[in-house]
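J.: 3D model of this:
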Amino acid sequence: MKKLFVSVVLCVLSIVSMAQTKTVSSIESFKFDAREVTVVNNRKRVKEYRVAAKLPDLIRKEITFPEENKGEVYIYKKDKKIVYLPLFEQSYEENLDNEENYIIKVIKDLKEREQADPVFKEDFYAGRIKEISYENGLKIKFDKLDRISGYYFPVKIRVYDVDALISEVVIKNVQVNLPLGKEEFEI
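T.: Next comes the predicted model:
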């Protein structure tokens, strides 16, 4: 009888816990700081940046480290990218490469898959989804998800090209669904 009671209590707690979890698909905006370590030809390069995003397709990334790139701003609007280089006090616009900004791609893909596939949604919130793979060989592995303001948000990910590690990203200071004005996405 005691085991049955404990089982029922655990079941109720897990249901209540799931009910209080907000879904990724309800995220409209977010901000975070990231530290990214990329690996190219067995050499590591560290970048730190701040990201602000208004989904589905408005993103600002500002480099905070290394010092020689500090202040560079990248604004992504739909299929365009605007780059500001403070060293030259100039900006330019170019077409966006879909693979360039995989952190944002992951969040957008999670949102789309969660809305379209109830099995994926259930598996994601149960912690059974550990990676997303793409046809081009890109794999995103979730090392850690944190609950932030009721949302499960990826805070540590690894990016692979087939089986070769190309990047590790740690995300911190996450804020979700905060009001972001138009000026956040201007240079």
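J.: Low-confidence regions, the chain specifically.
T.: The chain contains residues with pLDDT under 70 at 1-20, 98-104.
J.: Quick one: the strands in it, in order.
T.: In chain order, the chain shows strands spanning 29-40, 43-54, 58-65, 73-77, 80-85, 90-95, 131-133, 138-148, 151-161, 164-176, with DSSP state E as the criterion.
J.: Give me the helices and strands touching the third one, please.
T.: Contacts defined by 3 or more Cβ pairs under 8 Å, 6 or more residues apart in numbering; DSSP states H and E place strand 58-65 against strand 43-54, strand 73-77. (Glycine included, C-beta is placed from N, CA and C.)
J.: on that earlier part again, between the strands of the chain, which one is closest to residue 112.
T.: Using Cβ to Cβ as the measure, strand 131-133 is the one of these that comes nearest residue 112, at 11.0 Å.
J.: Point out the other helices and strands that the closest one packs with.
T.: Applying 3+ Cβ pairs under 8 Å, 6+ apart, one finds that strand 131-133 contacts helix 102-116, strand 138-148.
J.: run the last query once more with 10 Å
T.: Using 3 or more Cβ pairs under 10 Å, 6 or more residues apart in numbering; DSSP states H and E as the contact criterion, the neighbours of strand 131-133 among helices and strands are helix 102-116, strand 138-148, strand 151-161.
J.: Show me which residues of the second one are buried.
T.: By 16 or more other Cβ atoms under 10 Å, the buried positions in strand 138-148 come out as 138-142, 145, 148.
J.: State the paired neighbours of that strand in the sheet, together with their directions.
T.: strand 131-133 (antiparallel), strand 151-161 (antiparallel) (DSSP bridges).
J.: residues near residue 174, how many?
T.: The local packing of residue 174 (other Cβ atoms under 10 Å) involves 18 other residues.
J.: Need the helices and strands packed on strand 131-133 in CSV (columns: distance to residue 173).
T.: Converted to CSV, the helices and strands packed on strand 131-133 look like this (distance: least, Cβ to Cβ, whole Å):
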stretch, distance to residue 173
helix 102-116, 14
strand 138-148, 10
strand 151-161, 10
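J.: so which of those comes closest to residue 83?
T.: Go through these one by one with Cβ to Cβ and the one that ends up closest to residue 83 is helix 102-116, at 15.7 Å.
J.: Can you check what angle separates the closest one from strand 58-65?
T.: Inter-element angle recorded for helix 102-116 and strand 58-65: 150 degrees (by axes from the mean of the first three to the mean of the last three Cα atoms, to 10 degrees).
J.: Tell me the gap between helix 102-116 and the middle of its chain.
T.: In terms of Cα atoms, centre = their mean, to the nearest Å, the centre of helix 102-116 is set 9 Å apart from its chain centre.
J.: Output the contacting helices and strands for that helix.
T.: Contacting helix 102-116 under the criterion 3+ Cβ pairs under 10 Å, 6+ apart are the following elements: strand 29-40, strand 43-54, strand 58-65, helix 118-125, strand 131-133, strand 138-148, strand 151-161, strand 164-176.
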